Structures are given as C-alpha cells and as structure tokens.
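Participant: with the sequence up front, the predicted model follows.
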Amino acid sequence: MPYRAVFRCLAGCPGDHALDQPIYRCPSCGQLLEVAHDLDALCDRTASAWMALFDDRDRPHGTIHGSSVWSKREWVCPAVRDECIVTMREGGTPLVKLDRLGAEFGVPDLWIKQCGFTHTGSFKDLGMTVLVSVVRQMIADGRRVRAVACASSGDTSASLAAYAAAAGIPALVILPRGRVSTAQLLQPLANGALVLSLDTDFDGCMAIVQRLVEAEGVYLANSMNSLRLEGQKTVAVEIVQQLGWTVPDVVVIPGGNLGNVSALGAGFDLMVALGLIDTRPRLIVAQAAAANPLYLAYQNGWRYRSVTARPTLASAIQIGAPVSVQKAIRVLQRYQGCVEQATEEELSHAAARADRCGMFTCPHTGVALAALSTLVARGEIGRHARVVVVSTANGLKFPEFKQRYHESTLGFPTPLASRPLELPNDLDAVRRALDGLTRGESPAPPPRG
Ligand SMILES: *Cc1c(COP(=O)(O)O)cnc(C)c1O
Ligand SMILES: [Zn+2]
C-alpha cells in the first residue's frame, strides 16, 4: 500500500508540497506548514491491526533498527527509504509510575514519560532522526544541501549535531551565549558541528538562522520544519501504547517554542482518526513565568502577543516568540487545553520534591511538576485523574541547576538543599552520622544562610 504524506499550509491554502522540498512556510500566505498523511491509505489496516503491528515491532529485537519512531514509520514519514534512515534507537523511553512521587504531588495515578532517556538526553532526538533521514535521502537523490542548521536553546543543537555526525552531514548550530548548560555546549562541540555562540537570546538566534536558510542553501532543522514534529508525535502513541492502548486523563508538558505540544496533539489526532482511541486527554502546557507568552494568551481568550523572555533556570524554554504558537493554540482548543506557569522558586522546589522521590529532574520537568502542583491545589486536576507528565530532558544535562540549588545560591529559599557531610576518617563520626539519618534527621546539615 503506497502510504503518502505531504506538506500543506496550516491556514488551508490549496497545494501540496513534497516532504523532500526545502520549504518551511506556505508560499502563498507565509503560515507554517504541517505534514498531512493520506488517511484513506492508512485505513487499509484496522485499528487493531495497527496496534498489533506496533506492538510486534516494539518487541525487543522486533523493531526496525530498534527505533520506536521508525516502528511507526507509515505514520511518520512513509517515503524514507531504509538505507537513508539515520537512527540511534530513539523512543521507547520508560513511562514510570512512582508511588511516593504520586503521593507527594497529590495524584496517586501519576506517570512520568522519561523522554530524556535517549541518545542526546532530550526528546529532540525523536524529531531529529526523521529530519536528518530526509536530508540524507535528499542528498542521495542528488540535491545540494550545504549544511543543516538550527538555532537552539541547547537540546536541539545537541541532537542535530549528533544525527548529522552519524550521517556525515555538516552541521551549523547557533546558540545564545552563556544561556545553555556546559553539557549542552559540549555536545555539539564534541560531535564536530560548527558552533556559533551569539550575543543574543534564542529569539535572536532564530531570526538569524531563518535569514541564512533563505539565502545560503542550508537546510533548517528547527521545529518550524514540520518534519521534526512527525517524529515527536510518536510520544503520544507510545504513552497510549505503554498504558495498554488506553488514554490518560491529563498530559502535562513544558512548552517553549511549542512544537512539542503541537506534535503531541497531532499524535492523538491520528490515533482518533484511525480509530485506535475514542477519547482525547486534556493537554496542559506549563511555562516558566519568565517566558510565558502562551500563558498570557490563555489568560486573554487565546489572543497572543510575543514577549521578551527573561532568563530562567528552565533555559530550554526561554522563548518569547514561539514559532509554533498558532499550531499549539489550535491543538489546545481541541484538547480542553490549559496553560499554567511556574516561578523560578516554584520550578526549583518542584524539581527538588521530585528528586526526593527518586527522580533527577531537569528544570523544564520542574516547570511541569510545579504547574501540576498548582492545578491540583486549585482543584483543576482531580485527585483521581490519571496524569502523565512529559519529562523533556535528562536531569544529568543540567548539573549547574542542581549545584546551585543544593549550594543555596539561587537567591530564594531552597528548603530541600543537601550538602555532603565532611567528616574525619573516623568510624565513630560515621556512626553518629548514621544515627542522625535513622532518627529521621535531615540527611545533611541545614543550608547555610
Ligand atoms: C525543546 C525543549 C522544550 C520545549 O519544547 P518546545 O517544542 O520548544 O515547546 C522543553 N524542554 C526541553 C528540555 C527542551 O529541550
Ligand atoms: Zn497558506
């Protein structure tokens, strides 16, 4: 069965554009494009046949290249040939339920989708495997691509650099100087990308890369390019699949450029269209209060205006002019959407509370958990709801965040800060410390200051 997908204008202008064209906006009206799949063709399999196929391919050793993005290839990017696929076994990340975490946040049926358990440590790999595979096929078909390029708040560049290096394609990444973590800066350097560190914020980097793409023959790898969202939407399928093909009540996701929530919605839409599910979850976007244009739009009847984003510990979502805002608003309107925000103190505290339950939470996941906490306290999320929080990155990428929290140098109280207890080489001193731990005293001395 020849499955087919094309780019179409989000605003509905007529005309299809091939997925291997370097095109990111509608030539008639300038709106973003989205990938439209031929649903009639996809209906050649029943819902249960699709579920059985994905379950079968997602068995250990049963998958196409072991990737849970490509195990759903008919839904993602059907025209990519096997030999062009660039994969590092993305997707298939754990969906975990931690009882103490659920109790801590007041929703016992709380699940964390660990999207940071992946090759470069963030969900960006789900989309990048698709984008770089399409570029490799373009090159194989004789098109000239000088380089792939992106502006990044840290995780997109790490992912692009890794997949481009795996494919042998030159990569250019543009970062806002001083606003990504050390690990995030080291990743593209190690992978041999050309790394430009510009004296501006993410929105400034994005403006420059768009100009480059227009004039210089480089291929754009930001999520403005809908190919990435086709890979990212598989996270919705994975969540439902991991819950035994059932739909959670609520999904909470941190949002910056707002591609990921758009992708999540697209994934649920496709499952509804093909009859795999018949209900939709409520989708909730969590933003940092320092970079909250979608939150303000939500408060204002979905009337959107960009803002100047202020620095936030959740550096990957320090974005004031999100490229995919219109897609995101459409999705949220279909999914009883809601937007909540979190201050720096709230996101840090939520991350620390989760860590005390066994997590190692990145600041963006901290934003999502803080929003969850707020919405549960306000009664907007019921205590019996089945809630999935999308953890977007691995906390190990953000050691500075943890260090500043536990050294209590963030400029606000950090009640769960913990420090090593420095002792002489003496068994009695160690015994006394152990006694303190088992008496339920804090495992570390109270923070200074
Ligand atoms: C990119 C990113 C986000 C935001 O995703 P958008 O699609 O830009 O909304 C959130 N968290 C982390 C860790 C990210 O890298
Ligand atoms: Zn258009």
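Facilitator: Sure thing, it's come through. What you see is a predicted model; the values in this text were computed from it and never measured. Ligands and ions are numbered 1, 2, ... in the order given.
Participant: which bits of the stretch 251-400 of the chain sit near ligand 1?
Facilitator: Neighbours of ligand 1 within the stretch 251-400 of the chain, by Cβ under 6 Å from any ligand atom: 254-260, 316-317, 362, 364, 392-393. Every residue, glycine included, has its C-beta placed from N, CA and C.
Participant: show the pLDDT at residue 438.
Facilitator: In this prediction, residue 438 carries a pLDDT score of 83.
Participant: tell me the residues of this structure that contact ligand 2?
Facilitator: Residues of the chain found near ligand 2 (Cβ under 5 Å from the ion) are 9, 11, 13, 26, 28, 29, 31.
Participant: list the contacts of the closest residue to the first one other than its chain neighbours.
Facilitator: What it means is residue 9. In this structure, residue 9 finds its nearest non-sequential neighbour in residue 26, 3.7 Å apart by Cβ to Cβ, 6 or more residues apart in numbering. Counting by Cβ atoms under 8 Å, 6 or more residues apart in numbering, residue 26 touches 9, 10, 11, 13, 32, 33.
Participant: in those residues, find the pair that's most separated.
Facilitator: When Cβ to Cβ is used, the two most widely separated members of the contacts of residue 26 are 13 and 32, lying 11.6 Å apart.
Participant: do a quick rundown of the strands in this structure.
Facilitator: Under the criterion DSSP state E, strands of the chain are mapped to 5-9, 33-37, 95-97, 110-114, 147-151, 171-176, 194-198, 218-220, 250-254, 282-288, 338-342, 387-391.
Participant: next, count neighbours for the closest residue to ligand 2 within the stretch 301-449 of the chain.
Facilitator: Ranked by Cβ to the ion, the top residue of the stretch 301-449 of the chain for proximity to ligand 2 is residue 326, at 11.7 Å. Neighbour count for residue 326, taken as other Cβ atoms under 10 Å: 16.
Participant: mind listing what it touches?
Facilitator: 10, 31, 32, 304.
Participant: how far away is residue 214 from residue 27?
Facilitator: 13 Å (Cβ to Cβ, to the nearest Å).
Participant: so what's the residue of the stretch 101-250 of the chain found nearest ligand 2 scoring on pLDDT?
Facilitator: When scored by Cβ to the ion, the stretch 101-250 of the chain has residue 226 as its residue closest to ligand 2, at 13.4 Å. The pLDDT attached to residue 226 in the predicted structure is 94.
Participant: still on that earlier bit, which ones among the residues of the stretch 251-400 of the chain next to ligand 1 lie within helices?
Facilitator: 259, 260, 364 (DSSP state H).
Participant: tilt between the biggest helix by length in the chain and strand 171-176?
Facilitator: Assignment by DSSP H gives helix 124-140 as the longest helix of the chain. Relative orientation of helix 124-140 and strand 171-176, computed by axes from the mean of the first three to the mean of the last three Cα atoms, to 10 degrees: 140 degrees.
Participant: so which bits of helix 124-140 are buried?
Facilitator: Using 16 or more other Cβ atoms under 10 Å as the test for burial, helix 124-140 gives 124-139.
Participant: using CSV, write out every CA atom in it.
Facilitator: What follows is helix 124-140, C-alpha atoms only, in CSV (Å, rounded to 0.1, in the frame of the first residue of the first chain):
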residue,chain,number,x,y,z
LYS,A,124,14.6,16.3,20.4
ASP,A,125,16.0,13.0,19.1
LEU,A,126,12.5,11.8,18.2
GLY,A,127,12.2,14.5,15.6
MET,A,128,15.8,14.8,14.6
THR,A,129,16.1,11.2,13.4
VAL,A,130,13.3,12.0,10.9
LEU,A,131,14.6,15.3,9.7
VAL,A,132,18.2,14.1,9.2
SER,A,133,17.0,10.9,7.5
VAL,A,134,15.0,13.1,5.0
VAL,A,135,18.1,15.2,4.4
ARG,A,136,20.2,12.1,3.8
GLN,A,137,17.7,11.0,1.2
MET,A,138,17.7,14.4,-0.5
ILE,A,139,21.5,14.2,-0.8
ALA,A,140,21.3,10.6,-2.1
